[in-house]
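Colleague: Next comes the sequence, and after it the predicted model I'd like to discuss.
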Amino acid sequence: MKKYAVIYRSVLMENLQYAANAAMGFVSYFVFIFIFTQLWNYVYSDPGQLIAGYTREQMIWYVMITEMLWFGTRAAAVSGQAAMDIRGGNIAYQINKPYHYALYLLSRYTGEWSVRLPMYALLSAVTGLVLVGGLPGFGILTFLAVIPSVVLGITIHAVFKLSISFFSFWIEDSNPFQWLYDKLLLVVGTLFPVEIFPKALQPLFRLTPVYTVCYGPAKLIVDFSVEKWVEILVAQLFYLAAGCALMFFIYGKGVKRLYVNGG
Amino acid sequence: MLTAVKNQVRVCVLSVKYNIMREMLNKVTFLTNILFMMLNNATFIVQWVILFRLREDIGGYTMREMMLLWGLTASSFGLSHILFARVFSLSDLIINGKLDSYLVQPKNVLLGVMTSATSTSSIGDFLYGVALLCVFCFSVKRFFLFLLFAVTGAVIMTAFALLMGSLSFWLVRADMLGNNVINTMIGFSTYPDGIFKGGARFLIYYIIPVGMAVYKPVHIMVSFDAGELFSVLGFAVGLSALSVFVFYRGLRRYSSGNLMEARI
């Protein structure tokens, strides 16, 4: 584990040097939140109205938190890096190093979001307070309790993104699969809470990564309860184990198909 | 003069044709990119089905009109990226001094740059827009209007991207400004204009041209107005002229990066 900690630390230090670059994405994040605030203001015709059990403030905060996770954890390490390494042949220089390639990318990714996410969290807090006001019931204890769920959610997301990237061992370009996975999370997980979908579909969505990656952490922040916290953490641990098994399986199968042509 | 224009158009058409042929070298990847982009866009139908279950109209739009807006945005965006994808990364060419290889060619510099790249997945965007129109609100008149507005929308998006990209001739970090403004335009264009009030409405109609690129055309397709149609056409021509003027003014300030690069 020590070597992965060293990789994490070096990427963290590198990203701290260029923290200002991460701030450039703030504009897109802010525009998105602004549009959704306008949209929900329009949909909630009565300020006291409840939609799927959420007040207007909770709904806007839900979108802000899921989008904060979305924008704050976007990193090339798990979406494009593996696919590019495989397509370009650079992976030949990576797999003979004394670390597991998938865990190396996960460590890099963790180093990247460790800088970006806190910046987005701060921006979200300020934007939320200005646009909709404080979140009732949210305090320091909730904040501390939610941290493990957020970290697990991001790691599960990375494991699934990497699994998809490893499809590049078979097909040249795995990006189209990334788009579909991203859109599943974006439309079903980040724009709406699961409760807003028809009751018949809700159990199905709870089986997808949406529940553990987006819904779980955001739900705990806007409407915390200990029972929900335990339920979400157990689901996340199960999902992480299953996701890692899938990732190592795909990588193991794929790397056997690799041909190195020299050069 | 006419022969020169004809030759230039022929070069542009050939350039786009060879870009697409190059992308088609791997047919599976080419088709996957197109089909998955269509599927990718289709996921947003879920978003609007959910929202229209909560309210019958959103910002004055029904589901049918919303799909028309989405379709026009997708087709305009797709067309601009099929024909002129390089415009959207113009800043990179300017900042890194990569325009040299275009400057030495015996054809129009700007058209050479604009048609030098094609985005395969954008073919999926364009087809998705047309498919949405056919499924949700087809009529022969609307179909032709849709094609016309897809062209004007593509022209406006390309011209605006050219304008933003050309700022890099003067400003060092104009690429970030340009990218953010273009993303903002795309972001707004898939939500009904009726939900925006005050300053935001002013912004989408007068600062970033999303109002002229998609909102006004959708209003015209729903309720035809010849005056409005000519205002959209006039705006597309005016913005294009302005962006070409700014590009050539900026080009005077361009300095080479001494990069060894060849265009074949």
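Modeller: Looks like it came in fine. Everything numeric in this text was worked out from a predicted model, so none of it was measured. Numbers count the residues shown, from 1 in each chain, chains lettered A, B, ... in the order given.

Colleague: hmm, what's the outermost residue in chain B?
Modeller: Ranked by distance from the centre of chain B (Cα atoms, centre = their mean), the top residue is B:Leu54, with 31.8 Å.

Colleague: Let me see the contact set for it.
Modeller: Neighbour list for B:Leu54: A:Val43, A:Ile51 [criterion: Cβ atoms under 8 Å, 6 or more residues apart in numbering or on different chains]. Every residue, glycine included, has its C-beta placed from N, CA and C.

Colleague: can you list the residues of the stretch 101-250 of chain B near chain A?
Modeller: Residues of the stretch 101-250 of chain B lying close to chain A (Cβ under 8 Å from any Cβ of the partner chain) are B:121, B:176, B:180, B:183-184, B:187-188, B:191, B:194-197, B:200.

Colleague: Output the below-cut-off pLDDT ranges for the chain.
Modeller: Assuming you mean chain A. Counting by pLDDT under 70, chain A has low-confidence residues at A:259-263.

Colleague: you looked at the wrong chain, it should be chain B
Modeller: Applying pLDDT under 70 to chain B picks out residues B:1, B:257-264.

Colleague: That one: helices as residue ranges?
Modeller: B:2-23, B:27-54, B:63-84, B:90-95, B:100-103, B:109-114, B:121-136, B:140-166, B:174-189, B:198-202, B:210, B:216-222, B:226-251 (DSSP state H).

Colleague: Can you give me the buried ones in the third one?
Modeller: Judged by neighbour count (16 or more other Cβ atoms under 10 Å in any protein chain shown), helix B:63-84 contains these buried residues: B:63, B:65-84.

Colleague: next one: the first one
Modeller: Within helix B:2-23, the residues that qualify as buried are B:Val11, B:Cys12, B:Ser15, B:Val16, B:Asn19, B:Glu23, counting by 16+ other Cβ under 10 Å.

Colleague: likewise the fourth one?
Modeller: Of the residues in helix B:90-95, those buried under the neighbour-count criterion (16+ other Cβ under 10 Å) are B:Leu90, B:Ser91, B:Leu93, B:Ile94, B:Ile95.

Colleague: my guess is the second one meets B:Leu177, correct?
Modeller: The reference is to B:Ser91. No. Judged on Cβ atoms under 8 Å, B:Ser91 makes no contact with B:Leu177 at a distance of 9.2 Å.

Colleague: any common contacting residues for these two?
Modeller: The contact sets of B:Ser91 and B:Leu177 overlap at B:Met164, B:Leu167 (Cβ under 8 Å, 6+ apart).

Colleague: residues near the residue of chain B found nearest chain A, how many?
Modeller: Of all residues in chain B, B:Phe36 sits closest to chain A, at 3.2 Å by Cβ to the nearest Cβ. B:Phe36 has 20 neighbours, counted by other Cβ atoms under 10 Å in any protein chain shown.

Colleague: Now stretch B:38-45: buried residues?
Modeller: So for stretch B:38-45, counting by 16+ other Cβ under 10 Å, buried means B:Met38, B:Asn40, B:Asn41, B:Thr43, B:Phe44, B:Ile45.

Colleague: Which residue ranges of the stretch 51-200 of chain A form strands?
Modeller: With DSSP state E, counting those that start in this stretch applied, the stretch 51-200 of chain A shows no strands anywhere along its length.

Colleague: Find the closest residue to chain B in it.
Modeller: Counting by Cβ to the nearest Cβ, the stretch 51-200 of chain A gets nearest to chain B through A:Pro176 (3.2 Å).

Colleague: hmm, back to that, now do the residue farthest from the centre of chain B against A:Ile196, distance only.
Modeller: With the distance defined as Cβ to Cβ, to the nearest Å, B:Leu54 ends up 8 Å from A:Ile196.

Colleague: so what's B:Met67 closest to, chain neighbours aside?
Modeller: In this structure, B:Met67 finds its nearest non-sequential neighbour in B:Phe136, 4.1 Å apart by Cβ to Cβ, 6 or more residues apart in numbering or on different chains.

Colleague: who's in contact with that neighbour?
Modeller: B:Met63, B:Arg64, B:Met67, B:Leu68, B:Gly71.

Colleague: Please apply the same query to B:Val28.
Modeller: Counting by Cβ under 8 Å, 6+ apart, B:Val28 touches A:Ile171, A:Glu172.

Colleague: circling back: which among the buried residues of helix B:2-23 gets closest to B:Ala159?
Modeller: Comparing the buried residues of helix B:2-23 against B:Ala159 with Cβ to Cβ places B:Cys12 closest, at 15.9 Å.

Colleague: Does B:Phe126 touch B:Ser75 like I think?
Modeller: Yes. Counting by Cβ under 8 Å, B:Phe126 touches B:Ser75, with 5.1 Å between them.

Colleague: Common neighbours of these two, please.
Modeller: Residues touching both B:Phe126 and B:Ser75 (Cβ under 8 Å, 6+ apart) are B:Ala150.

Colleague: For B:Lys141, which non-adjacent residue is spatially closest?
Modeller: B:Phe224 (8.0 Å).

Colleague: Angles on the backbone of the one you found, please.
Modeller: phi -70, psi 140 (degrees, to the nearest 10).

Colleague: What number of residues are in the vicinity of it?
Modeller: 12.

Colleague: try B:Leu162
Modeller: Neighbourhood size, B:Leu162 [other Cβ under 10 Å]: 24.

Colleague: Can you name the residues that contact it?
Modeller: B:Val87, B:Leu90, B:Leu110, B:Met114, B:Ser243, B:Val244, B:Val246, B:Phe247.
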